[in-house]
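> Can you look at this prediction? I've put the sequence above it.
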Amino acid sequence: MADIILTFDPSLGHQFHNFPLLSFLPCAPVRYVPAPVYNYLALPDTPADEYGRAILAPYAVRKIEAALKKRSKFNVVVAHPKHIERFITRETKIIAVNTMDPLGLGPLSLMFNNAGRERSWVTEEFSLLMRRINKRRREVGCNAKLVVGGSGEWEFEHMPQMLEIWHIDYVVQGEMDDIIHLLFEQIIEDRIDTGIFLFGYRTTTFDEHGRPRIGYVKDENGRFICRHPFSKYRLPKIDDIPTIIAPTISGQAEIMRGCGINCDFCEVTTRPLRYYPPEKVLEEVLVNKRGGINKAWFVTDNQWAYMVYDSDFWPNKEAILELYRTVIGRGGVSHANPMHATLAPVVAEPELAFGIASIVGAGPSKHIGVQIGLETGSDKLVLAHMVNKAKPLKVGVHGTWAEIVVEGQKIYNAAYWIPAYTIIIGQAGEEDEDIWDTIGLINYMASEELYFTVTPMALVNLGALRGTNTLTDVYGSLTPAQAALIYVCWRNTKRMAETLVWRLYRGNPIFRMLTTGLLTYGAAFWLDRLEKHLCKLNPGAEKAIEKAKKYVHIKRLGTNFRKLREEFKRYKELSATRLRISS
């Protein structure tokens with residue numbers, strides 16, 4: 001009998017036939033993706049054991065599980081969301097749910113669900129889970145506190161009325177690995193220490209120089225909880241973060257926290273950089289391996305920042321390659337790839353992409369997937385909002401942003417990497433010229449037959465970036481250029497679905513044919529409907545889309561990147577020689 005039940009948003013447990021392009025499906029509207037189609041494409045679900053416990057769980061849930069089991073006196077179980085009712089009894093004290101996008105307010109969901117006018121599948125599934133939990137609580141007379149946390153907790157600050165509708169007692173914000181046991185003990189005993197925890201949430205704004213300013217908003221109703229800024233428990237150091245004790249979905253294993261790039265629309269930049277040594281990463285990889293997961297998916301917001309100590313963000317190639325050698329060589333897994341990375345570091349150091357590809361054995365039938373924030377094709381917007389994204393290069397000095405992106409894309413593909421890019425629509429200062437720069441960049445790379453996806457997202461100040469409270473309604477003020485950009489992004493997705501689904505899907509031959517057919521037909525149907533919808537929203541979109549179908553222009557400085565890398569190499573060698581002489 002469990003005192004504390006941990007579970008998760010059902011959409012986080014779907015594995016989508018292990019086909020990368022399908023992982024965004026929960027953002028899609030319920031009205032346009034029938035339940036039979038959604039339920040099939042979401043398969044397989046993460047498995048449960050005979051008791052209803054999740055055999056695999058999201059990484060964040062496993063971290064909380066490890067912290068509670070190592071540091072608290074309570075009996076803890078990770079329940080599969082499909083079997084949550086089995087574990088809720090009169091004696092249950094806390095039911096904690098991890099979620100990423102409970103209300104469909106995430107940047108991609110807002111693009112799919114018409115800025116919230118439609119209900120996304122992710123919200124449908126989370127809502128059903130809440131109703132089932134509350135129904136079971138009533139049936140057994142359970143007074144357990146319902147606690148929600150995870151990267152999607154910020155959405156309840158935009159729609160706090162949902163706490164009453166779903167009978168949620170507390171929403172928890174931020175890293176809690178080191179003190180979650182204290183919080184849960186205090187919730188159970190109804191005596192939260194306000195010297196450790198704050199009833200409220202953290203916010204971040206940026207000054208005119210792009211520097212983050214941290215603030216806190218108090219919650220007089222006591223529903224939102226975060227770490228108190230003056231708590232004796234500061235953000236956890238690596239040694240304070242417990243190692244998982246049970247396997248994660250997709251073999252997730254954290255390698256670092258933070259990013260360091262300082263884009264002004266991203267919460268991750270406010271987190272201090274901390275790095276896991278290879279031995280600690282290996283511990284988690286081996287936990288997953290014992291659970292039957294023969295791969296490692298590195299949890300990171302920017303892999304190329306791993307163990308970086310250079311202000312210009314020259315990647316620490318030796319440390320990164322040593323990490324992969326440790327995991328592949330000693331962990332005995334067959335594959336490893338990062339969750340997120342950037343473009344410019346591989347332009348400066350192509351050996352990064354090729355070195356990792358060699359270690360993991362990448363090839364024509366074994367690609368390395370990675371998510372990358374491309375954000376825009378515009379030099380102006382890069383310099384205004386994300387100047388460090390081009391480091392160790394400089395936009396306007398070492399090339400245009402488009403040139404850097406194309407060079408990085410070619411290197412990634414040559415090393416058998418397939419990037420999944422995201423772009424942002426609605427950034428401050430965005431003009432039509434910036435949008436056409438992005439359209440030209442996407443089309444140019446597609447015309448070169450490069451392998452990549454690009455997904456448009458509405459500007460949403462995620463996580464702690466609540467100071468501006470921005471949720472962009474792209475469709476409410478859609479310009480013809482924005483409509484053309486959205487169309488071009490999904491046209492490229494259709495191209496990639498038709499190109500890769502048969503090659504990458506490894507299931508039963510019959511299901512392989514069915515999945516291929518569904519995706520190929522679905523992509524064509526979606527693109528056709530999308531074009532008509534965009535033209536209906538703004539009649540000027542028809543002309544812009546026709547122009548965009550043939551627009552392949554990118555801005556250039558004419559950079560010779562091979563020559564540039566040779567210059568960098570000579571400079572680094574000279575600097576190293578001077579350092580040895582001076583020491």
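Great, that's in hand.
> ok, now which ones touch Ile249?
Leu12, Gly13, Gln15, Thr46, Leu56, Ala57, Pro58, Tyr59 (Cβ atoms under 8 Å, 6 or more residues apart in numbering). For glycine as for every other residue, the C-beta is placed from the backbone atoms N, C-alpha and C.
> So which of those wins on neighbours?
Neighbour counts for the contacts of Ile249, by other Cβ atoms under 10 Å, peak at Ala57, which reaches 29 neighbours.
> Of the contacts of Ile249, which is the nearest to Pro81?
Gly13 (6.5 Å; Cβ to Cβ).
> Name the nearest residue to that closest one, sequence neighbours excluded.
Thr46 (4.0 Å; Cβ to Cβ, 6 or more residues apart in numbering).
> try Gln173
Cys226 (4.2 Å).
> my guess is that neighbour meets Gly200, correct?
Yes - between Cys226 and Gly200 there is a contact under Cβ atoms under 8 Å: 6.4 Å.
> lowest-pLDDT helix or strand in this structure?
helix 509-537 (a mean of 77; mean pLDDT, DSSP states H and E).
> Out of the contacts of Ile249, which one has the lowest pLDDT?
Ranked by pLDDT, the contacts of Ile249 bottom out at Gln15 (92).
> need the contact list for that residue.
Gln15 touches Ala42, Leu43, Pro44, Asp45, Thr46, Ile249, Ser250, counting by Cβ under 8 Å, 6+ apart.
> ok now do the fourth one, which residues does it touch?
Taking Cβ under 8 Å, 6+ apart as the definition of contact, the neighbours of Asp45 are Gly13, His14, Gln15, Lys82.
> What values do phi and psi take at it?
The phi and psi values for Asp45, taken as degrees, to the nearest 10, are phi -90, psi 150.
> what's around Gln173, how many residues?
Gln173 - counted by other Cβ under 10 Å - has 22 other residues nearby.
> One more: the one 3 residues further on?
Met176 is surrounded by 23 other residues when neighbours are defined as other Cβ under 10 Å.
> Ignoring the adjacent residues along the chain, who's closest to it?
Met176's closest residue in space is Leu183 (Cβ to Cβ, 6+ apart), at 6.5 Å.
> circling back to that earlier point, farthest pair within the contacts of Asp45?
The widest separation within those (Cβ to Cβ) is 14.1 Å, between Gln15 and Lys82.
> quick one on the thing from earlier: so which of the contacts of Asp45 are in helices?
Counting by DSSP state H, no part of the contacts of Asp45 is found in helices.
> any chance of those in a markdown table, with distance to Val122 too?
Output for these, formatted as a markdown table (distance: Cβ to Cβ, whole Å):
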| residue | distance to Val122 |
| --- | --- |
| Gly13 | 12 |
| His14 | 10 |
| Gln15 | 15 |
| Lys82 | 16 |
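> quick one: low-confidence ranges for the protein?
206-211, 461-471, 501-520, 575-576, 579, 583 (pLDDT under 70).
> so what are the domain limits for it?
As given by automatic domain parsing, the domain ranges for the chain are 4-238, 480-549.
> Quick one: these as CSV, columns for distance to Asp437 too.
As requested, the domains of the chain are exported to CSV (distance: least, Cβ to Cβ, whole Å):
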stretch, distance to Asp437
domain 4-238, 20
domain 480-549, 10
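> Looking at those, spot the one closest to Arg578.
Per Cβ to Cβ, nearest to Arg578 of the domains of the chain: domain 4-238, 31.7 Å.
> that older thread, quick one: which of the contacts of Asp45 is nearest Thr376?
His14 (30.4 Å).
> Enumerate every residue touching the closest one.
Applying Cβ under 8 Å, 6+ apart, the residues contacting His14 are Leu25, Pro26, Ala42, Leu43, Asp45, Thr46.
> which outside residues touch stretch 123-140?
By Cβ under 8 Å, 6+ apart, stretch 123-140 touches 7, 9-11, 26, 30, 81, 84-85, 88-90, 95, 97, 99, 101-104, 109, 142-144, 146, 166-168.
> I'd like to know which of those residues are buried.
Neighbour counting with 16 or more other Cβ atoms under 10 Å marks 7, 9-11, 26, 30, 81, 84, 88, 95, 97, 99, 101-104, 109, 142, 144, 146, 166, 168 as buried within the contacts of stretch 123-140.
> May I ask which helix or strand encompasses the residue nearest to Met176?
Using DSSP states H and E, Leu183 sits within helix 180-189.
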